[in-house]
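K.L.:
output the structure for:
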Amino acid sequence: MNLDRAVMAFAGCVVLGSLALSQLHSPYWLLLTAFAGFNMIQASVTGFCPAAIAFKAFGLRGGCAFK
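P.N.:
The predicted structure is shown next:
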């Protein structure tokens, strides 16, 4: 698995997890979905992704999206 796939998988898990938690516990979990969406837009514009930095520190090899 490369860095790009790990970041996209993590973002997908955050979105799906927060949607499930909003149905099971509290609708305030949808704020996590909004944060994930905002972070994806911000990363596409600036190229800065905190998750990519964390995964790179764990030793994943880079992809072409996050340098």
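K.L.:
list the contacts of the most centrally placed residue in the chain.
P.N.:
In the chain, the centroid-proximal residue (CA atoms, centre = their mean) is Ala11; its distance is 2.9 Å. Applying CB atoms under 8 Å, 6 or more residues apart in numbering to Ala11 gives the contacts 36, 39-40, 51. Bear in mind the C-beta positions are built from the backbone N, C-alpha and C, glycine included.
K.L.:
make JSON lines from those residues and add distance to Gly59 to it.
P.N.:
Converted to JSON lines, the contacts of Ala11 look like this (distance: CB to CB, whole Å):
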{"residue": "Ala36", "distance to Gly59": "24"}
{"residue": "Asn39", "distance to Gly59": "22"}
{"residue": "Met40", "distance to Gly59": "23"}
{"residue": "Ala51", "distance to Gly59": "15"}
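K.L.:
got the buried residues for stretch 48-57?
P.N.:
Within stretch 48-57, the residues that qualify as buried are 49, 51-52, 55-56, counting by 16 or more other CB atoms under 10 Å.
K.L.:
for the residue nearest to Ala51 when sequence neighbours are not counted, what is the enclosing helix or strand?
P.N.:
Excluding the flanking residues, the one nearest Ala51 by CB to CB, 6 or more residues apart in numbering is Val7, at 5.0 Å. Using DSSP states H and E, the element containing Val7 is helix 3-24.
K.L.:
return the alpha-carbon coordinates of that helix using PDB.
P.N.:
What follows is helix 3-24 as a C-alpha-only set of coordinates in PDB (Å, rounded to 0.1, in the frame of the first residue of the first chain):
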ATOM      1  CA  LEU A   3       0.800   6.700   0.800                       C
ATOM      2  CA  ASP A   4      -2.000   7.900  -1.500                       C
ATOM      3  CA  ARG A   5      -4.100   4.800  -1.000                       C
ATOM      4  CA  ALA A   6      -3.600   4.900   2.800                       C
ATOM      5  CA  VAL A   7      -4.800   8.500   3.000                       C
ATOM      6  CA  MET A   8      -7.900   7.800   0.900                       C
ATOM      7  CA  ALA A   9      -8.700   4.700   2.900                       C
ATOM      8  CA  PHE A  10      -8.300   6.600   6.200                       C
ATOM      9  CA  ALA A  11     -10.500   9.400   5.000                       C
ATOM     10  CA  GLY A  12     -13.200   6.900   3.800                       C
ATOM     11  CA  CYS A  13     -13.100   5.100   7.200                       C
ATOM     12  CA  VAL A  14     -13.500   8.400   9.100                       C
ATOM     13  CA  VAL A  15     -16.500   9.400   7.000                       C
ATOM     14  CA  LEU A  16     -18.200   6.000   7.200                       C
ATOM     15  CA  GLY A  17     -17.400   5.700  10.900                       C
ATOM     16  CA  SER A  18     -18.800   9.200  11.700                       C
ATOM     17  CA  LEU A  19     -21.900   8.500   9.700                       C
ATOM     18  CA  ALA A  20     -22.500   5.300  11.600                       C
ATOM     19  CA  LEU A  21     -21.900   7.000  14.900                       C
ATOM     20  CA  SER A  22     -24.300   9.800  14.000                       C
ATOM     21  CA  GLN A  23     -27.000   7.200  13.500                       C
ATOM     22  CA  LEU A  24     -26.200   5.200  16.600                       C
END
